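K.L.:
need a 3D model of the sequence below.
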Amino acid sequence: MASNKNDLGKHSVSRRDFFALAGRFGLSSVFLAWSDLLAAGEAISEKSLQITTGSVYNKRFKKKAKFNLRFGAAHFTRPGLSIIPNGSLPFVADLEERTDGEIRVEYIGGNQLCREVACATACINGTLDFFSASTQNASTAAPYFNILDFPYLWPSRAALYYFFYHPQSEVLLRAPLRKYHNLEFLFSHAELRGFMLGLKYKNKPKVMNLKALQGAKIRVTGTQLGRISMKLMGVQPVPVPWSDTLKALEVGALDGAETWSSAVPYGNWGNVISQDVQCQFMAGCAMTSMNRTRFEQLGSDLQQAVRESAYLTQRDIQKSSECKLVTVTGITEPPLPGSYYHQHSIRNAIWTPEERLRTEQSIAPKFNPAPWVKWRLRLDRMANNLDIYGELYQLARQIPLAQNATDLEARRYWKG
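P.N.:
Numbering: from 1, shown residues only. This next block holds a predicted model:
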């Protein structure tokens, strides 16, 4: 919408017009139409959105669905998904088309139905059929997601995508999520988390090492392992909900926020962030999962359709997210002209491989095992007594460190 600064394009749809269309066609049809227009690179006007929404609605409701499913997307909705392409809306569109309307999905985002932790809980217990959230926040309701959060487990974004495509993801991630949390993991975007520092650091040198972060008050997500990492790094993790983080940064209650880079334009934090400290200490994944019980009720043909739509969505996320990190967010040094970081004079503090290794050697389980024993034992038991950290550490290093995530080969994990 025109009033939503998350959207870097120019659109002329008022909130009133948007919700008038939603009242006529339903929110899901309007969201899907908006996504279609964004994907086509078109400026969105009231007329174009109305025409596209009508077309989407007619296609979706041309016959009676066998399964009407509900998708709780927390705050992942509309223009923000052009910045963090977590794939949820394209997945819904592809799944409905692939099943020729046998599956119809009611997509509810914008925190209108639930926030991330509540969406995860609702999907686990079957109140929702799909949900999107960061794995870090979802781990509050589904602790097995913590396997992704060991510090410096992932040497690159490519390593995360490699894992999601890998047949071993069935044993190491998907099967335990089904068993313990009743979730079918579908797809995810992949970034590496760092520290977005506030205006306190605007006129200070770039923060290029751990010493310069000591004592900083940093907003942390729901990740339990991330908090352990931050304490070992000498920063103060402060749990603050996403919705309250911008205000806390504005008033100086926080020195910064632990998150991934594209969250800065997504949250429209440009006026309160001075540095993106790319220490890349932990995974950052905006993923989508499905209630396992409902998945089993679909039958083999529709289950295969869900898998195929999820695979194609994962492949598209991989390409689009990598592109948008550079062109939209601006994570390079210097940021590309026109990118969000360039527009807001946000500096990239990209740590050297040597500094990342020094930090890894001080906090990671491989070098400093004692703080991690309790969580490793708990997660190992959930992984059928595998050494889950060791297994993931080795798998993540099967590809070269210099592997470009954009060029990583996609594959269907269930086909080996």
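
K.L.:
hmm, who's touching the host helix or strand of residue 378?
P.N.:
Element membership of residue 378, judged by DSSP states H and E, is helix 373-382. Helix 373-382 has contacts (CB atoms under 8 Å, 6 or more residues apart in numbering) with 143-144, 146-147, 176, 179-180, 224-225, 228, 365, 386-389. All C-beta atoms are positioned from the backbone trio N, CA, C, and that covers glycine.

K.L.:
out of those residues, which is nearest to residue 315?
P.N.:
residue 147 (23.1 Å; CB to CB).

K.L.:
distance of the closest one from residue 99?
P.N.:
With the distance defined as CB to CB, to the nearest Å, residue 147 ends up 31 Å from residue 99.

K.L.:
swap in residue 242?
P.N.:
Applying CB to CB, the value for residue 242 to residue 99 is 33 Å.

K.L.:
go on, residue 285?
P.N.:
Counting by CB to CB, the gap from residue 285 to residue 99 is 26 Å.

K.L.:
so between those two, which is more surrounded?
P.N.:
Looking at residue 285 and residue 99 with other CB atoms under 10 Å, you find the greater number of neighbours at residue 285, namely 25 against 19.

K.L.:
look up phi and psi at the more buried one.
P.N.:
phi -130, psi 120 (degrees, to the nearest 10).

K.L.:
correct me if wrong: it contacts residue 137.
P.N.:
No: using CB atoms under 8 Å, residue 285 is not in contact with residue 137, being 10.4 Å away.

K.L.:
after the helix holding residue 378 comes which helix or strand?
P.N.:
For helix 373-382, the succeeding helix or strand toward the C-terminus, using DSSP H and E, is helix 388-396.

K.L.:
who are the packing partners of that following helix?
P.N.:
helix 157-165, helix 373-382 (3 or more CB pairs under 8 Å, 6 or more residues apart in numbering; DSSP states H and E).

K.L.:
residue ranges of each domain in the chain, please.
P.N.:
For the chain, the structural domains run 15-190+286-321, 192-284+326-380, going by automatic domain parsing.

K.L.:
tell me which of these is the most buried.
P.N.:
With neighbours defined as mean count of other CB atoms under 10 Å, the domains of the chain peak in mean count at domain 15-190+286-321, which reaches a mean of 21.

K.L.:
pLDDT (mean, whole number) over it?
P.N.:
Mean pLDDT, domain 15-190+286-321: 91.

K.L.:
mind checking the end-to-end distance for it?
P.N.:
For domain 15-190+286-321, the first-to-last residue distance is 27 Å (CA to CA, to the nearest Å).

K.L.:
same question, stretch 251-258
P.N.:
17 Å.

K.L.:
over to stretch 92-111?
P.N.:
End-to-end distance (CA to CA), stretch 92-111: 18 Å.

K.L.:
and the contacts of that stretch?
P.N.:
The contact list for stretch 92-111, computed with CB under 8 Å, 6+ apart, reads 26-28, 31-32, 35-36, 59-63, 65-78, 88-89, 129-130, 132, 243, 298, 302, 305-306, 308-309, 312-313.

K.L.:
from residue 171, how far off is residue 221?
P.N.:
26 Å.

K.L.:
let me see the ranges of the helices in the stretch 151-300 of the chain.
P.N.:
Shown for the stretch 151-300 of the chain, the helices assigned by DSSP state H, counting those that start in this stretch span residues 157-165, 168-169, 175-181, 224-233, 242-250, 263-266, 292-297, 300-324.
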